[in-house]
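Enquirer: what would the 3D arrangement of this be:
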Amino acid sequence: MFLDSPEVERTYIMLDESRIEATVVDIEKVIADDGKLFISHNSSSSQEYNPREVISVFDMNGNYLNNISRIGRARNEYVNLDAWCLDTRRKEVVIVDAFRTIKRFKYDGTFVSSVTVDQASVWGIQSCNGKLYAHMLMPNNVADDIAEIQDDGTLIPLLPSRNIKDETLSSGGGGIGTCPHFSDPDLNSFFHLRIFDNTIYRIEGSDYETCGLFDFIKPADENLDDIIHADELLLSRPHFTAETEDCFIIKTYEVSDDRMISAYLYYLYDKSKKECTLYRLDSSTANTIANRFDIVGVTGNTIISKATPDGARFILDQAADKIPLSDLEMMEQLAEHENSSLILHKLK
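Expert: I've put the predicted structure just below:
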């Protein structure tokens, strides 16, 4: 797909395996800052029931530095990693625990603070331009809101309220700037698709502006008539979104008449050209490929994907003739590695 373009420069990072605490099994999310890679991942085999998710820190060469995984119920520990982000101004990792608490740790794992978030269920969290934001459901039936989080845990809702008490809710989640998403924390603003009114908001500081519906994201070079329900699902349930300096990437579903997923759709939107390209991955191969080589983060104009040893072996076995010679040797090394690895795709 677009990450295989000759205009994309790839760099492979093999993660350190020299010690047991550096074990990385199933990478969920990566954020890069200050020459470090912050990686949330399962701490044991993905076959284990309810594996524990932790955050490990590596340098840009893949050398292990430390973990941020104080598992427990003490003030300086957390039970579940519900959401997390980096506060790049303070050089802190911000974690949302299952018990409505927000905990901060320095990049080296030193505990900083813990505050309780009042009367809200936080789905996601992100830092942008020095401020911290929560994506949540508010207790007064104002749905799918974005709020600014103060240092004492106070929440200041930013979007116009909407009472949904008497409405039938459709399933869905995600959106530009919401969870699950990957966004460079150094961006000055971020976008949020509010799934209950299908409106895009741009958040900057404590202000917001509406940007309409998904009109600006429709592909310029594809006919959507043959894509069943694509528009509705694009609006209501993006699988994930990513934002770089120059583009948005939105992943959603194509469904068949019996409502089964028939393909994954990737919308690549160029901010400067204001054009969108649609990529389609058939469901017969989507899970096989995506689970092994999936986008897990962005930094600047670089997209970060994971590469599992199983995935490398699968590619070598099924499609070795399609791998560029420049990548073949590295793919063979990945296949022999125990840890998952990272691939940095720099967009030119």
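Enquirer: what's the burial count for residue 73?
Expert: 9 (other C-beta atoms under 10 Å). No exception for glycine: its C-beta is placed from N, CA and C like everyone else's.
Enquirer: which residues does the residue lying closest to it once chain neighbours are set aside contact?
Expert: Sequence neighbours aside, residue 79 is the residue nearest to residue 73 in space, at 6.2 Å (criterion: C-beta to C-beta, 6 or more residues apart in numbering). Listed by C-beta atoms under 8 Å, 6 or more residues apart in numbering, the contact set of residue 79 reads 71-73, 97-99.
Enquirer: could you dump those to CSV with distance to residue 61 and secondary structure?
Expert: Formatted as CSV, the contacts of residue 79 follow (distance: C-beta to C-beta, whole Å; DSSP: H, G, I helix; E, B strand; the rest coil):
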residue, distance to residue 61, secondary structure
71, 28, strand
72, 32, coil
73, 36, coil
97, 31, coil
98, 34, coil
99, 37, coil
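Enquirer: now rank those by neighbours and give me the top one.
Expert: residue 97 leads the contacts of residue 79 on contacts (other C-beta under 10 Å) with 21 neighbours.
Enquirer: and after the least confident helix or strand in the chain by mean pLDDT, which helix or strand comes next?
Expert: For the chain, counting by mean pLDDT, DSSP states H and E, helix 230-236 ranks last in confidence among helices and strands (a mean of 44). Using DSSP states H and E, the helix or strand that follows helix 230-236 in sequence is strand 240-243.
Enquirer: which secondary structure elements does that next one contact?
Expert: Contacts defined by 3 or more C-beta pairs under 8 Å, 6 or more residues apart in numbering; DSSP states H and E place strand 240-243 against strand 181-183, strand 190-194, strand 247-255, strand 295-299.
Enquirer: near the nearest residue to residue 148 once chain neighbours are set aside, how many other residues are there?
Expert: Closest residue in space to residue 148, ignoring its immediate chain neighbours: residue 156 at 4.5 Å, by C-beta to C-beta, 6+ apart. Applying other C-beta under 10 Å, we find 11 residues neighbouring residue 156.
Enquirer: helix or strand for residue 156, which one?
Expert: Applying DSSP H and E, one finds residue 156 within strand 155-157.
Enquirer: pairing partners for that strand, with directions?
Expert: Next to strand 155-157 in the sheet, as set by DSSP bridges, lie strand 145-149 (antiparallel).
Enquirer: so, low pLDDT: which residues of the stretch 101-250 of the chain?
Expert: 119-120, 137-144, 161-181, 193-198, 212-239 (pLDDT under 70).
Enquirer: let me see the ranges of the strands in it.
Expert: Applying DSSP state E, counting those that start in this stretch to the stretch 101-250 of the chain gives strands spanning 101-106, 111-116, 121-128, 131-137, 145-149, 155-157, 181-183, 190-194, 199-204, 207-210, 240-243, 247-255.
Enquirer: using TSV, lay out those strands together with distance to residue 336.
Expert: Shown next, in TSV, are those (distance: least, C-beta to C-beta, whole Å):
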stretch	distance to residue 336
strand 101-106	34
strand 111-116	38
strand 121-128	36
strand 131-137	40
strand 145-149	44
strand 155-157	48
strand 181-183	28
strand 190-194	39
strand 199-204	44
strand 207-210	49
strand 240-243	29
strand 247-255	30
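Enquirer: nearest to residue 304, of those strands?
Expert: Among these, the nearest to residue 304 by C-beta to C-beta is strand 181-183 (7.9 Å).
Enquirer: quick check: domain ranges of this structure?
Expert: With domains defined by automatic domain parsing, the chain comprises 1-24+214-348, 70-212.
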